[in-house]
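K.L.:
below are the sequence and a predicted model for it; my questions follow.
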Amino acid sequence: MEVIYTGLRQTPEMIVNAALQEDVRVIGLSILSGAHNAIVPKLMELLREKDMTGLVVVVGGIIPDEDARQLKEKYGVAEVFQPGASLEEIVSFIRSAVQQPA
């Protein structure tokens with residue numbers, strides 16, 4: 001896998017544009033600011049508008065359980081990784097969520 005890091009403080013529009021340009025299969029967001037309830041819904045809306053709903057979106061950070069549940073159930077986030085999640089757990093989830101080309 002190739003990882004494309006876009007840097008800190010990216011807007012949902014910037015993230016979606018980078019994902020479109022780079023033809024990604026997974027978007028991973030790390031949100032420690034508590035802005036997940038503003039950023040993620042906008043990001044998911046923009047992905048729908050660009051017909052990019054097949055992407056796997058994962059979010060990590062300090063996210064309360066109820067918010068994590070809502071991000072998954074209401075907005076379609078594939079997984080939310082909270083503090084304590086291991087790198088192995090995250091990598092394993094992404095590998096299983098993304099089918100490799102034959």
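P.N.:
All right, it came through fine.
K.L.:
Val26 reaches Ser96, doesn't it?
P.N.:
No: taking contacts as Cβ atoms under 8 Å, Val26 lies outside contact range of Ser96: 11.6 Å. C-betas here are computed from N, CA, C, even on glycine.
K.L.:
among those two, which residue is more densely surrounded?
P.N.:
The residue with more neighbours, out of Val26 and Ser96, is Val26; 16 against 9, by other Cβ atoms under 10 Å.
K.L.:
check contacts around Thr65.
P.N.:
Small correction: residue 65 is Asp, not Thr. Taking Cβ atoms under 8 Å, 6 or more residues apart in numbering as the contact definition, Asp65 lies against Gln82.
K.L.:
which parts of the protein are helices?
P.N.:
12-22, 36-49, 65-73, 87-97 (DSSP state H).
K.L.:
of those, which stretch is the most buried?
P.N.:
Ranked by mean neighbour count under mean count of other Cβ atoms under 10 Å, the helices of the chain are led by helix 36-49, which reaches a mean of 17.
K.L.:
now do that one, average pLDDT.
P.N.:
The average pLDDT for helix 36-49 rounds to 97.
K.L.:
roughly how far is it from the heart of the chain?
P.N.:
How far helix 36-49 lies from its chain's middle: 10 Å, per Cα atoms, centre = their mean, to the nearest Å.
K.L.:
chain neighbours aside, what residue packs nearest to Arg25?
P.N.:
Val98 (5.2 Å; Cβ to Cβ, 6 or more residues apart in numbering).
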